[in-house]
Structures are given as C-alpha cells and as structure tokens.
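> have a look; sequence and predicted model below, questions after that.
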Amino acid sequence: MTNKEIRTRIAPSPTGDPHIGTAYISIFNLAFARQNGGKFIIRIEDTDRERYIEGTDKIIIENLNWLGIEADESPEIGGQYAPYVQSKRLHIYKEYIKKLLDNESAYYCFCTKERLEGLRNTQIHSHTQPKYDKKCLSLTKEEVEINIKEGKEYVIRLNVKPGIDIKFNDLIRGEVSINTDSIDDQVLIKNDGFPTYHFASIVDDHLMKITHVIRGEEWISSTPKHILLYKAFGWEVPSFAHTSLLRNKDRSKISKRKNNTSILWYKEQGYLPEAIINFLILLGWSNPSGEEIISTHEFIKKFSFDRMTKSGPIFDIDKLNWINGVYIRKKSIDELKKLVKPYLKYDIKPSKLDKILKITQERIKKLNEINDLISFFVEDIFPPSELLHEKYDKETTDKILKFALKTLKDNGINKDSELKLKEHALQEKYNVGDFFMVIRIATCGRKVSPPLIDTLDILGIEEVEKRIQNSIGR
RNA sequence: GGCCUCGUCGUCUAGUGGUCUAGGACACCAGGUUUUCAUCCUGGUAAUCGCGGGUUCGAAUCCCACCGAGGUCACCA
C-alpha cells in the first residue's frame, strides 16, 4: 500500500498588491504539505480579464518568497503539471466542459444580462434568494444549435438538482451540510469563453492531484458546487479545510480601506519576514506549548488542523510590533546591519555603524525607525532654547555644560568622567537625572537617547565640544 | 432576507464534565534596574466564559432556544 502524496495549493489571482491574507492561507498550506513530505503549489488564477493587472502575478510570488513561502511547483519553477497559470490552460477547460455537457451536468444558457438582472430584482423584492430559474435548461439540442449558429452569446451553467444535502467533513470545522436548494446554477464558462473560478479550480485541482484544499472561510458556501463538479466528472473529492478570515477592527473581513493589506507595506515599514509569518501563524493556530515565538520550521513540525482557530481574528498590529521587536533583538549586529541598510538614508562608516547599532538595537521596533533613532549621530542638531532650559535657568544650564565639557576634555569620554559628573551633581545638589538631561539635550538635541556616555563616545570629543559650545550662552 | 460559519479579559488565545475563586501573550498601569528612552525583572487592572433555559451531585465544556458578529447568495476570485 502506498500513501498518496499530500499536495496543497494556493491560488492567488493577479488583481493587485500581494495580499497579507494570501500569506496567511499560504503558511498553513505550506506547513501541512511539508509536514507530510508532500508538495505545495502556487497556481495563478487569472480567468478574470477585467480585473487582471499585468505583472502582479510576479510580484505576488516574489513577495511570498520574501516571506519564506516557497512553492515546489509554480509558474516560475514549473512542475510536472504545468502550466500553472489558468489563462494558459484554456484548451483544457474547453475539453473538460464537453464532458459535462455530454452527461447533462451542465447546459447552455442564452439569457441576457438584462433578463438576469430583472429576475434578480424581482427575487430580491419578494425576499427570495436570487437564483437563476433554469429557463434555458428546457432548450432542446436543436434550439441550442440554432442559437449558437445565430451567434447568440451564451454561458454554460452547472445543473444543480434541488433538494439534496451536500455534506463534507471540514478538517477545521467538522461536518458541514448545505442543501442544494440554496445553490445557484453556477456559470462555469463565461461568454468570453473563459472559465469561472469554480470550474477552472476544480479541473486544475484534479489534474494537479491536489489532495487538500485549504482556503479561507469565504469559500464554505460554494464548496457544495465544487463537490457537485467533482461528482459530475466522477472524480475523487479532495479534503477541505476552511480557515478563519482575518478581520478589521470592526470585525469585517480584512480590507484595504481599513487595514494595510499589502505585503509591500509591511516590507516598507521594516517588518521582518519571520516576524510577519510568526504573527500570522499565531492568528490561525495555537501552539500546544503556549509559546508564541515560533519559527516556520518548528511550526511545520507541530502543525495540526485541530489547533486551527475557528473564529476570525482581528489583525492587531500592536502584537506584530512586539513580535518584530523580539526578532530584531535576536539578530547579530552584522545581520542587523544588512537588514537596516535599505532603510538607512545616511552614509555611515561600518565601524561607527556597528557601535551605533549595538546601543540602538533594543530600541528598534520597525526597521524604518532607524533614521529617526540615529539621525543626531550624523546630522547637525539645533536644540530649541526652551528645551535646553527646561530644567534650569540659563545661568545654571551654562554652568552645567561648562563643567561637563571640561570634565570630558580632561578625562576623556569614559566611565570615569561619568562618575565624576555624577559626583559633582550630587555635591551641587542637582537632581542627577535633570543634570544629565541638560547634557543630553545639548549633545543629542532631544530628550531621548541611548546611554549618554556611549553616545558621546561615538560622537567623539571634537563633535561633543562643538555641540556643547553651541548650547552655551543661548 | 435565505443559507452557512463563529461567539472565553480591549486584542490574540488556553481550556474537550470536577485540579477554573478561568491560565498565558500583546496592550495598559504600578514598582524595580537605570542619568532619559528602550531592554530586562516583579506585580496589578481586566473575561460571572454572548444571553436564557435544561441535562448532571457538578458545565466555559453536553443539549435546546434566543441574541450577536461574520461570510455567502456575480458571466469576481
């Protein structure tokens, strides 16, 4: 007995920016396939030529790769069931729709959009479910042929028989049962000759030997249509798992208007791929150990459907920020230097940058904060007068600064000077914190900085002297 | 509106009949470390487990009804 190879897939459509929800679904598909020594496939579903945006398919795959989501088979790397782009598989769908027409699971429909519109409106007004009324099902073969000869536009619909309960065992939700009364005669082939998602994905999933369809909850109600299609072909039905949907703060399905849904945005902000993935994992699955920081590698080992969450989690960026900080703090200085480079707008000598990063690392939550965090190391500073004199009057401020400068020049920038300054502050009955704050503002131009002596050391005595002199007498 | 899914601290969740006066994480607050911020450590606020019935000696956990939220009802995916 040979175990069937587990094969999962994601099927993004190239209609815009790479979506965070695609990454969310991907990570579970990938984990399940890898855990079982199976294959994870990316297939591009570009059957909607109206919403198609050229080039976005490449960008989607590129950004999934950036997140560490790499397929075993895809348009880019190919595979034994290529092509992995639906617009290149039109001849296949054409061939397969014939079978459905032949065994009367599908039928031609010549109804105009106007008629369908009117039908729907009356149904909505009478509070019944909008559904096609099967008018064209009664057309004879001859009538169909005549219509086609006359060049009438048509679609091909699935013939759904009413009154049947379609049941499937969802790997996440358990048994789901939906009656065919609530299912429309789905269009399979559009009047432009392109298949709809419902038809193309079933044909492709079968041909590509997909064993487990792991997708978002929004697909639950169309799953019976898909099962009907498999049955109409006489094909084996794959297993289904419907994950919860990422939500906005108001609990609606995550959307561009209310959230940053583009992976591009997260990249620009300086979120680390492993942090994003870790966060997404947490939103859909719970670790039996309770630990929340988990690598993709470990997740693949521990994944199971019974720990997938059923309710739709709100995408809480606060938690992502925390996770990102955790991952940034774990990096070595060399790694951090590489990570920060694309965000850094200053040209800083590597040895100096090393020192800066060493004392800045634990303060970075997102990589794009780096410039704000370290600007005063490289840019000239102009501490506002009111900030400079926030703690003491001008005379006292100058006194403190003069003493600080002398101490640092005489002893160098080191622990010894720091101690001397502190002793002096104590002796003169200054508040130690306030005393150092004056020096910080004069040298850093701000109230927040890494530890002062380390900071001044990086600036160097010359620059420190210049900055303090500039603040004296103001 | 029909159908489907879901419902534990503000948020993400643990929990599968007794060890739950409900545990953890983020956020928030306080204290400690510290010359600021951050990190780190300690502690705290916060869910009568959507509501109401029932089953049971005992229910967050089982059952029913209700309510709420979401999804879906396209020649979009």
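Perfect, I can see it now.
> neighbouring contacts of stretch A:359-376?
Contacts of stretch A:359-376 with the rest of the structure, by CB atoms under 8 Å, 6 or more residues apart in numbering, involve A:268-272, A:321, A:324-325, A:328-329, A:331, A:333, A:336, A:339-340, A:343-346, A:356, A:444-446, A:449-451, A:454-455, A:458. For glycine as for every other residue, the C-beta is placed from the backbone atoms N, C-alpha and C.
> wait, does that stretch contact RNA strand B?
Yes. For stretch A:359-376, a contact with RNA strand B is found by CB under 7 Å from any atom of the strand, at A:362-363.
> now do stretch A:167-186
Yes. With CB under 7 Å from any atom of the strand as the criterion, RNA strand B is reached by stretch A:167-186 at A:173-174, A:176-179, A:182, A:184.
> quick one: which two of these are the most distant?
A:174 and A:184 (25.4 Å; CB to CB).
> which one of those two is surrounded by more residues?
Set residue A:174 next to residue A:184 and count neighbours by other CB atoms under 10 Å: residue A:184 wins out with 15 against 8.
> list the contacts for the more buried one?
Shown in contact with residue A:184 (CB under 8 Å, 6+ apart): A:130-132, A:160.
> now, of the residues you listed, which are buried?
A:131-132, A:160 (16 or more other CB atoms under 10 Å).
> distance to residue A:417 and pLDDT added to those residues, as a markdown table?
Formatted as a markdown table, the buried ones among the contacts of residue A:184 follow (distance: CB to CB, whole Å; pLDDT from 0 to 100):
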| residue | distance to residue A:417 | pLDDT |
| --- | --- | --- |
| A:131 | 83 | 91 |
| A:132 | 84 | 94 |
| A:160 | 83 | 96 |
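> when you check RNA strand B, which of these turn up near it?
Answer for the buried ones among the contacts of residue A:184 near RNA strand B (CB under 7 Å from any atom of the strand): A:131-132.
> helices - which of the buried ones among the contacts of residue A:184 land there?
In this view, the buried ones among the contacts of residue A:184 have no member that belongs to helices under DSSP state H.
> and the strands in the stretch 1-150 of chain A, which stretches?
A:7-10, A:39-42, A:106-109 (DSSP state E, counting those that start in this stretch).
> got it, and the stretch 201-350 of chain A?
Along the stretch 201-350 of chain A, the segments classed as strands by DSSP E, counting those that start in this stretch run A:212-216, A:239-243.
> from the rest of the structure, what touches stretch A:459-474?
Against stretch A:459-474 from outside (CB under 8 Å, 6+ apart): A:377, A:381, A:383, A:385, A:388, A:394, A:397-398, A:401-402, A:404-405, A:408-409, A:412-413, A:439, A:441-443, A:456.
> and these, which are buried?
If you count burial by 16+ other CB under 10 Å, the buried members of those come out as A:377, A:381, A:383, A:388, A:397-398, A:401, A:404-405, A:408, A:413, A:439, A:441-443, A:456.
> show me what counts as buried in stretch A:425-436.
Judged by neighbour count (16+ other CB under 10 Å), stretch A:425-436 contains these buried residues: A:425, A:430, A:435-436.
> check stretch A:237-252 too.
The neighbour-count check on stretch A:237-252 (16+ other CB under 10 Å) flags A:237-248 as buried.
> for chain A, what are the low-confidence residue spans?
Within chain A, the segments meeting pLDDT under 70 span A:1-2.
> quick one: which of the residues of stretch A:167-186 next to RNA strand B sit in helices?
Short answer: the residues of stretch A:167-186 next to RNA strand B have none in helices (DSSP H).
> rewinding a little: nearest to residue A:214 among the buried residues of stretch A:237-252?
residue A:241 (4.5 Å).
> which strand residues bridge that closest one?
For residue A:241, the beta-bridge partners under DSSP bridges are residue A:214.
> one step back: and the two most separated of the buried ones among the contacts of stretch A:459-474?
Farthest pair in the buried ones among the contacts of stretch A:459-474, by CB to CB: A:377 and A:398, 24.8 Å.
> what are the phi and psi values for the one residue in the stretch 351-474 of chain A that gets nearest to RNA strand B?
Closest residue of the stretch 351-474 of chain A to RNA strand B, CB to the nearest atom of the strand: residue A:436 (3.0 Å). Dihedral pair for residue A:436: phi -70, psi -30, per degrees, to the nearest 10.
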